[in-house]
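> quick one, what's the 3D model for this:
(one chain, ligands or ions: 1)
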Amino acid sequence: MDYHLHHQKDKLTEIEQQLKKSEAAERRRLQVEKAARESEAEAIRKIRGQDSSRKKQEEKMKKRLVELAQEKAVTAQMLASSTIRWVMGPSGTVVTFPKDMGLPSIFDSKPCSYPPPREKCAGPSCTNPYRYRDSKSKIPLCSLQCYKAMEQEAS
Ligand SMILES: [Zn+2]
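Residues are numbered from 1 along each chain as shown. Alright, predicted model coming up:
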C-alpha cells in the first residue's frame, strides 16, 4: 500500500513534469513563431524601404533625363540661331544664316545654291556635259557615240 501510494505520487509528479515540459515547449514554440513573424515583418519593411528609395532614385533619374533633354533642345536652338549651316544636298549646297545675323545682301530672298560645275564629256570635240562614267576608265561620257569615239581614239 505504501509502495502503491508512493508509486502514484511518482506518477503524478511524472505527469506534472510532462505537463510542465509540454507547456514550456509550447511557450518556446510561440516565442519562435513570434520571432519568425517579427523577422518576416522586418524583412518586408526593409524591402519596402528599398523599393521606395529605388523609386525615388528612378524618379530622380527621369527628372535628370528630362532636364538633359531640355538643355539639349535649348543648346540646339541656340546653335541653330547663331551659326551658319551648310547643308549639302542633291540640288547644291544650302547655306542657312542665323536670323539675328542678317543676310548678306547677295543672299537676299533666295537660298544660296550653287551646284558644282558639271564635268564635260571627254568625247573628242564634244561639248555636252557628261551623263555617265565608263566603269573601267572612269572617263566622263555623254553618249555611246562618244564612248565609241573615245575607244577608237585610244586604239
Ligand atoms: Zn560626248
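> list phi and psi for Glu38.
Dihedral angles of Glu38 (phi, psi; degrees, to the nearest 10) stand at phi -60, psi -40.
> which residues touch it?
Not one residue lies near Glu38 by C-beta atoms under 8 Å, 6 or more residues apart in numbering. Quick note: C-beta positions are derived from backbone N, CA and C, even for glycine.
> quick one: pLDDT of it?
In this model, Glu38 is scored at 94, pLDDT.
> ok, it to Ile44 distance?
Computed as C-beta to C-beta, to the nearest Å, the Glu38 to Ile44 distance reads 11 Å.
> over to Val66?
From Val66 over to Ile44 the distance is 33 Å, taken as C-beta to C-beta.
> now swap in Cys142 and tell me
Cys142 sits 83 Å away from Ile44, going by C-beta to C-beta.
> give me the more crowded residue out of those two.
Cys142 (18 against 10; other C-beta atoms under 10 Å).
> give me the phi and psi for that one.
Taking degrees, to the nearest 10 as the convention, Cys142 sits at phi -110, psi -20.
> so who does it touch?
Counting by C-beta under 8 Å, 6+ apart, Cys142 touches 121, 123, 126, 128-131.
> secondary structure element holding the residue positioned nearest the centre of the chain?
Among the residues of the chain, Leu65 comes closest to the average C-alpha position under C-alpha atoms, centre = their mean, at 10.7 Å. When secondary structure is defined by DSSP states H and E, Leu65 falls within helix 2-82.
> before we move on, what about Gln145?
The secondary structure element spanning Gln145 is helix 144-154 (assigned by DSSP H and E).
> is that helix positioned near the ion?
Yes - with C-beta under 5 Å from the ion as the measure, helix 144-154 is seen reaching the ion through Cys146.
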